[in-house]
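In: One predicted model, sequence on top.
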Amino acid sequence: MLREYGTPAIMERCLLVGDAPVRNWGGIATDFPEVQLIAPTPSGRTSRPWGCWRCPHCCGGHMKAGTGEYQYQAGAHKPEYETLAMFGSNCMNTTWHPS
């Protein structure tokens, strides 16, 4: 699971056990039911895997170039759990456009 989707695959689980911020730690998991809209990161947008030194999972990855309204350069790191938590559930933001 981590190799394919990276750390965003644990986002929903962390939210349910109270380990992810909702409304700057003032909310609970039921306040953010749209967690599936931000996680997991689509694996089809990954151009190559990336991992920490000596880690067998390689849960990170470099993204293919973004097209459409939300553009980014090829090689950008795909979002990880911490990014999704802080810019997603913490801010009550469900906007995530991988294309």
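Out: Perfect, thanks for sending it.

In: ranges for the helices of this protein?
Out: Using DSSP state H, the helices found in the chain span residues 2-5, 11-16, 81-84.

In: wait, which of those helices is closest to Trp50?
Out: For those, distance to Trp50 was read as CB to CB. The smallest value, 11.2 Å, belongs to helix 2-5. For glycine as for every other residue, the C-beta is placed from the backbone atoms N, C-alpha and C.

In: can you give me the mean pLDDT across the closest one?
Out: The average pLDDT within helix 2-5 is 80.

In: Please name every helix or strand in contact with it.
Out: Helices and strands touching helix 2-5, by 3 or more CB pairs under 8 Å, 6 or more residues apart in numbering; DSSP states H and E: there are none.

In: Can you report how many residues neighbour Ala9?
Out: Using other CB atoms under 10 Å, Ala9 has 18 neighbouring residues.

In: brain fart, Lys64
Out: By the criterion of other CB under 10 Å, Lys64 has 18 neighbours.

In: same check, this time on the one 3 residues further on
Out: Per other CB under 10 Å, the neighbour tally for Thr67 reads 9.

In: Alpha carbons only: can I get stretch 88-95 in PDB?
Out: Provided in PDB are the C-alpha atoms of stretch 88-95 (Å, rounded to 0.1, in the frame of the first residue of the first chain):
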ATOM      1  CA  GLY A  88      -6.400  19.400   3.600                       C
ATOM      2  CA  SER A  89      -8.200  18.400   6.900                       C
ATOM      3  CA  ASN A  90      -6.500  21.100   9.000                       C
ATOM      4  CA  CYS A  91      -7.900  23.800   6.700                       C
ATOM      5  CA  MET A  92     -11.100  21.900   5.800                       C
ATOM      6  CA  ASN A  93      -9.900  22.000   2.100                       C
ATOM      7  CA  THR A  94     -11.000  19.200  -0.200                       C
ATOM      8  CA  THR A  95      -9.600  20.600  -3.400                       C
END
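
In: Compare the mean pLDDT across the helices of the chain and name the weakest.
Out: Across these, the lowest-scoring stretch is helix 2-5, with a mean of 80.
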